[in-house]
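[1] Let's see this in three dimensions:
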Amino acid sequence: MEIYKFGGASIVDAEGIKNITKIISNNLDGKKIIVVSALGKTTNALEDVVNNYVSKDEKYLNYIREIREYHLMVSEQLFPENHNIKFKIFAIFDNVESFCASNTSTLYGYIYDQIISVGELASTTIVSEYLKQEGIKNVLLDARQIIRTDNHYTDAKINWEKTKNLIENNDLITNNQTIITQGFIGATSEKFTTTLGREGSDFTGAIFANILNADKLTIWKDVKGVYNSDPNNYTEAIFIKKMSYREATEMTYYGAKVIHPKTIRPLQNKNITLEVRSYKTPEENGTLIKNSNEVIEYPPIIVYKENQVLLSFSSKDFSFTEAENLRIILKSFDNNRLKINTIQTGAITLSVVVNNKPEKIDAIKDELSKNFEIRFNNNLSLITIRHFDFYTEDTFLRNKNVLLEQRTRETLQVLIRD
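    Sure thing, here's the model as predicted:
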């Protein structure tokens, strides 16, 4: 049993779908669960649909139809003219328009998840049908039937017990060798669609791997594997051949985009190997991430996070050192599912750095403004360097406008103004 995950960059067009079909056809030994993201930048385009719909701008209908035409264009290059894929794509996007016409909810997260999920539903339909056309027998499984979550839209938590039961007792999984399913999406117990957080398809792969005790999860990327910094932005980036679960967890926690942060734990719990490799050069080995007692010498690992916000909370009665104040603030962040990227405390002030999520930040400010004075700085970047040395520190931080700095023996974090 192996799990494959293909991201949107691997299926941006018809040639991409042909390429992953070739990869799958060359690796048909054993059972495979193939997790597929939305085509290309479809999720970004659907976010424009959501925002226009919520603001009552009728342009959202034009955007839906443009996205539909994109999927039809890709399909025309893959299938003969009389193939029924066209009708399936129309039906998928008609369902989105019907939802928008009949929806009465004003809850942004709920609306977001019902609309955004169409990207994965459309892409997996195309991929499954094309594999069949090329002689690769497979079944299409709707992830919403088996990935059960809570009702926290846009960043839902998995109900592991119910999901395990649904996956283990699903006939499509039991009786077929090749299963195509969606990443990123699930459903509540009431069958409303939820999403697992942006780029959450990696996590979907890890869920299947954990529950089905897979031998390996392979994430196919546009790069050879894991590098010590983004190879698209840094020409001297160093390829890392192997990593421990711990180091991969540290990287993803600090914001490395190569793997979704929630991916490692389900794999580590079952000692399942993760490989990150390139769909562009599938014959090459990628980065292996697994449990190991081996001492691995890592180069300095640089993670750069843009669009950061610094929030500083000061107690109005100068009682900040009391544990209750810390509990109130941290509970607000937890309730609003806003991850803290770094935190620093002073005598009467707590400062946190977070991703710029305006609706979540506003909710936190509303909750806490009664008891705390709140200062806000945006347009910032957070640079994290694991295993830092003088040369790397000087290279990445020279002449930067530093607002906050933290360092331990292994990790240096610096918040800078862009």
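[2] contacts, neighbours, all on C-alpha from now
    Fine.
[3] quick one: Pro231 and Ile240 touch, right?
    No: if you go by Cα atoms under 8 Å, Pro231 and Ile240 don't touch, sitting 11.7 Å apart.
[4] Pick out whichever of those two has more residues nearby.
    Ile240 (18 against 15; other Cα atoms under 10 Å).
[5] partner residues bridging that one?
    Applying DSSP bridges to Ile240 gives these bridge partners: Val226.
[6] Which pLDDT value belongs to it?
    Looking at Ile240, its pLDDT is 96.
[7] what residues are up against it?
    Residues near Ile240 by Cα atoms under 8 Å, 6 or more residues apart in numbering: 225-228, 287, 298.
[8] three-state assignment of the residue of the chain most remote from its centre?
    Within the chain, Asp317 marks the point farthest from the mean C-alpha position, 40.5 Å out by Cα atoms, centre = their mean. Secondary structure state of Asp317, per DSSP: H, G, I helix; E, B strand; the rest coil, is coil.
[9] how close does it sit to Thr273?
    As judged by Cα to Cα, to the nearest Å, Asp317 and Thr273 stand 52 Å apart.
[10] who's Leu382 bridged to?
    According to DSSP bridges, beta-bridge pairing links Leu382 with Lys305, Leu415.
[11] Would you enumerate the residues in contact with it?
    By Cα under 8 Å, 6+ apart, the contact list for Leu382 reads 304-306, 308, 413-416.
[12] So which of these wins on neighbours?
    Neighbour tally across the contacts of Leu382 (other Cα under 10 Å): the maximum, 24 neighbours, falls on Leu415.
[13] which residues sit in contact with that residue?
    Counting by Cα under 8 Å, 6+ apart, Leu415 makes contact with 380-383, 402-405.
[14] Ser244 now?
    The contact partners of Ser244, taken as Cα under 8 Å, 6+ apart, are 289-292.
[15] Just the ones of those in strands?
    289-290 (DSSP state E).
[16] Report the separation between the nearest residue to Glu306 once chain neighbours are set aside and Lys305.
    Leaving aside its chain neighbours, Glu306 sits nearest to Ser381 (4.4 Å; criterion: Cα to Cα, 6 or more residues apart in numbering). The gap separating Ser381 from Lys305 is 6 Å, by Cα to Cα.
[17] mind listing what's buried in the strand or helix carrying Asp334?
    Element membership of Asp334, judged by DSSP states H and E, is helix 323-335. Going by neighbour count (16 or more other Cα atoms under 10 Å), the buried part of helix 323-335 is 325, 329, 332-333.
[18] before we move on, what about stretch 70-81?
    Within stretch 70-81, the residues that count as buried by 16+ other Cα under 10 Å are 71-72, 74-75, 78-79.
[19] quick one: average confidence on that stretch?
    Here the average pLDDT along stretch 70-81 is 97.
[20] try stretch 30-39
    Average pLDDT, stretch 30-39: 97.
[21] And stretch 10-20, by the same measure?
    If you average the pLDDT over stretch 10-20, you get 97.
[22] Please enumerate the helices of this protein.
    14-25, 42-54, 59-76, 85-102, 108-116, 118-133, 160-168, 171-175, 201-211, 245-253, 264-270, 323-335, 358-368, 390-397 (DSSP state H).
[23] looking at those, which is buried most?
    Neighbour counts (mean count of other Cα atoms under 10 Å) averaged over each of the helices of the chain peak at helix 201-211, with a mean of 25.
[24] Let's check: the centremost residue of the protein is which one?
    Nearest to the chain centroid, counting by Cα atoms, centre = their mean: Glu199, 1.8 Å.
[25] tell me the contacts of it?
    Glu199 makes contacts with 184, 260, as judged by Cα under 8 Å, 6+ apart.
[26] One more: Leu404?
    If you count contacts by Cα under 8 Å, 6+ apart, Leu404 has them with 414-416.
[27] Run through the bridge partners of it.
    Leu404 has these beta-bridge partners by DSSP bridges: Leu415.
[28] Look up how far Thr342 lies from it.
    In terms of Cα to Cα, Leu404 sits 10 Å off from Thr342.
[29] Is Ser381 in contact with Asn307, as I believe?
    Yes: shown here, Ser381 and Asn307 form a contact pair, counting by Cα under 8 Å, at 6.1 Å.
[30] Specify which residue of the two has the higher count of neighbours.
    More neighbours surround Ser381 than the other of Ser381 and Asn307, with 21 against 15 (other Cα under 10 Å).
[31] List the contacts of that one.
    304-308, 415-418.
[32] now this structure, which segments are flagged as low pLDDT?
    Counting by pLDDT under 70, the ranges of the chain that qualify are 319-321.
[33] cutoff 80 now
    Applying pLDDT under 80 to the chain flags the ranges 292-293, 316-323, 347, 418.
[34] can you tell me how far Asp362 sits from Ser369?
    10 Å.
[35] Ramachandran angles for the nearest residue to Lys31 once chain neighbours are set aside?
    Nearest residue to Lys31, sequence neighbours excluded (Cα to Cα, 6+ apart): Gln177, at 4.4 Å. With angles defined as degrees, to the nearest 10, Gln177 sits at phi -90, psi -40.
[36] residue contacts, the residue nearest to Val96 when sequence neighbours are not counted?
    Spatially, and ignoring its direct neighbours in sequence, Val96 is nearest to Ile115 (6.2 Å; Cα to Cα, 6+ apart). Each residue near Ile115 by Cα under 8 Å, 6+ apart is listed here: 46, 50, 96.
[37] hmm, try it at 10 Å
    43, 46-47, 49-50, 53, 64, 93, 95-97, 99-100, 193 (Cα atoms under 10 Å, 6 or more residues apart in numbering).
[38] how close does the nearest residue to Thr281 once chain neighbours are set aside get to Leu311?
    Counting by Cα to Cα, 6+ apart, Thr281 lies nearest to Lys224, which is 7.5 Å off, once chain neighbours are set aside. Counting by Cα to Cα, the separation of Lys224 from Leu311 is 37 Å.
[39] okay, and the common contacts of Pro231 and Ile240?
    With Cα under 10 Å, 6+ apart as the test, Pro231 and Ile240 both reach Lys224.
[40] circling back to that earlier point, distance to Val352 for the contacts of Ser381 - can I get that in a markdown table?
    Listed next are the contacts of Ser381 as a markdown table, based on distance: Cα to Cα, whole Å:
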| residue | distance to Val352 |
| --- | --- |
| Tyr304 | 17 |
| Lys305 | 14 |
| Glu306 | 15 |
| Asn307 | 14 |
| Gln308 | 10 |
| Leu415 | 11 |
| Ile416 | 14 |
| Arg417 | 15 |
| Asp418 | 18 |
